[in-house]
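no FASTA, just this:
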């Protein structure tokens, strides 16, 4: 069942559309990653889901209820189910325990219960014994964990986090990852977070939603290109200005294209194939993943290719090596 359903959602900021999403469903009880480059609309979408930003037009359903049409009392009930952690969390001029228990005090929870629940939340995020520490004595990673504890102490049904792993130390990153997975697995909490790290997104999330220029894009964040479809000598092509890629017919007017990294064949020499796209480039980066290797190739634009570890070793690819990238027109997502 979808926890959030977006229909014809549009958010306009200034002179541009920050979001333009005809339809999107986010399933309850999942860990969901929102990915995309800077300016793609990740944070804007998270704010809409958090009920912090009203869309310019369209509908946002939460458990089947239209948020915009709810009376104030019911809208407040929905807000109480949402735990929000911003990228640069604001901490009150108080102790760590005072920050964590603030929401409980606003809800009228007795002092003794507030203290017990705050200490439990701090223990979950690995900050036992930090209760009396002043807010200014925290590192960036510790402050992020305090903000997470402040959300967890309210026992939300949904956790929404904007770049929770950005600008934090390795220990805090590991703790936050563990907490999000555990809250989902053992408490049934739906977790929605934004991230630039695709490896992290696919490792932690059940569902990955990729945004590009305010639109939901099929496929991953790698190999997203902006351009337009035009007619070439042998059929339709997608022209970025630096790359010309053969594409399937019937998608005139498309402005973005993606080539999934797994669909690209790498060769050290030209080969005879029915695939209509063959690009020449040079290897300029290698990154090992869990069981695979991402090879970055400069072919006019940067293109990422995902290989098995065995294929990578057998090809003995090295930085600066010239390679051919081969993929079918049907592999291009428009």
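Arrived safely, thanks for sending. For clarity, every value in this text was computed on a predicted model and none was experimentally measured.

contacts, neighbours, all on C-alpha from now
Noted.

Now do residue 32, the pLDDT please.
Among the per-residue scores, residue 32 shows a pLDDT of 94.

Point out where the chain drops to low pLDDT.
Applying pLDDT under 70 to the chain picks out residues 218-221, 254, 290.

try 80 this time
37, 197-199, 202, 217-222, 234, 250-256, 289-291, 334 (pLDDT under 80).

How is it divided into domains?
For the chain, the structural domains run 2-217, 224-331, going by automatic domain parsing.

starting at the chain centroid, how far to the shortest one?
Once both centres are worked out by CA atoms, centre = their mean, to the nearest Å, domain 224-331 turns out to sit 23 Å from its chain's centre.

Ends of that domain, what's the gap?
End-to-end span of domain 224-331 (CA to CA, to the nearest Å): 13 Å.

start at 12 instead
Sure, I'll start numbering at 12, so the last one becomes domain 235-342.

Could you list everything residue 338 pairs with in the sheet?
Residues in a beta bridge with residue 338, per DSSP bridges, are residue 288.

Wait, it touches residue 284, no?
No: shown here, residue 338 and residue 284 do not form a contact pair, counting by CA atoms under 8 Å, at 9.4 Å.

neighbour count winner among those two?
Neighbour comparison, residue 338 and residue 284: the larger count goes to residue 338, with 24 against 11 (by other CA atoms under 10 Å).

about what we covered before: out of the domains of the chain, which one sits most buried?
Among these, the stretch with the highest mean neighbour count (mean count of other CA atoms under 10 Å) is domain 13-228, at a mean of 18.

Now do the strands in the stretch 62-211 of the chain.
68-73, 76-77, 93-96, 169-172, 201-206 (DSSP state E, counting those that start in this stretch).

Remind me what the shortest one packs against, helices and strands.
The helices and strands touching strand 76-77, judged by 3 or more CA pairs under 8 Å, 6 or more residues apart in numbering; DSSP states H and E, number zero.

to the chain's geometric centre, what's the distance from that strand?
24 Å.

repeat for the third one
With CA atoms, centre = their mean as the basis, strand 93-96 stands 16 Å off its chain's centre.

list the contacts for residue 235?
By CA atoms under 8 Å, 6 or more residues apart in numbering, the contact set of residue 235 is 223, 267, 268, 269, 270.

Among the residues you listed, which lie within strands?
223, 267, 268, 269 (DSSP state E).

I'd like the strands of the stretch 62-211 of the chain as CSV, with distance to residue 194 appended.
Compiled in CSV, the strands of the stretch 62-211 of the chain are given as follows (distance: least, CA to CA, whole Å):
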stretch, distance to residue 194
strand 68-73, 20
strand 76-77, 25
strand 93-96, 12
strand 169-172, 9
strand 201-206, 8
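
what's the closest non-adjacent residue to residue 302?
residue 320 (6.2 Å; CA to CA, 6 or more residues apart in numbering).

That neighbour touches residue 303, doesn't it?
Yes: between residue 320 and residue 303 a contact is recorded at 5.2 Å, counting by CA under 8 Å.

overlap in contacts of those two?
By CA under 8 Å, 6+ apart, no residue touches both residue 320 and residue 303.

ok, the nearest residue to residue 142 once chain neighbours are set aside to residue 316 distance?
Leaving aside its chain neighbours, residue 142 sits nearest to residue 108 (4.4 Å; criterion: CA to CA, 6+ apart). Using CA to CA, one obtains 47 Å as the distance from residue 108 to residue 316.

do the same with residue 26
Distance from residue 26 to residue 316, by CA to CA: 36 Å.

Residue 303 too?
Separation of residue 303 from residue 316 (CA to CA) stands at 10 Å.

Ok, residue 163 next?
39 Å.

Over to residue 295?
12 Å.

Now do the shared contacts for the two.
With CA under 8 Å, 6+ apart, residue 295 and residue 316 have common neighbours 306, 307, 308.

on that earlier part again, and the residue nearest to residue 302, what does it touch?
302, 303, 304.

Torsion angles phi and psi at the nearest residue to the second one once chain neighbours are set aside?
Which is residue 303. Nearest non-adjacent residue to residue 303, counting by CA to CA, 6+ apart: residue 319, 4.6 Å away. Backbone geometry at residue 319, expressed as degrees, to the nearest 10, gives phi -70, psi 160.
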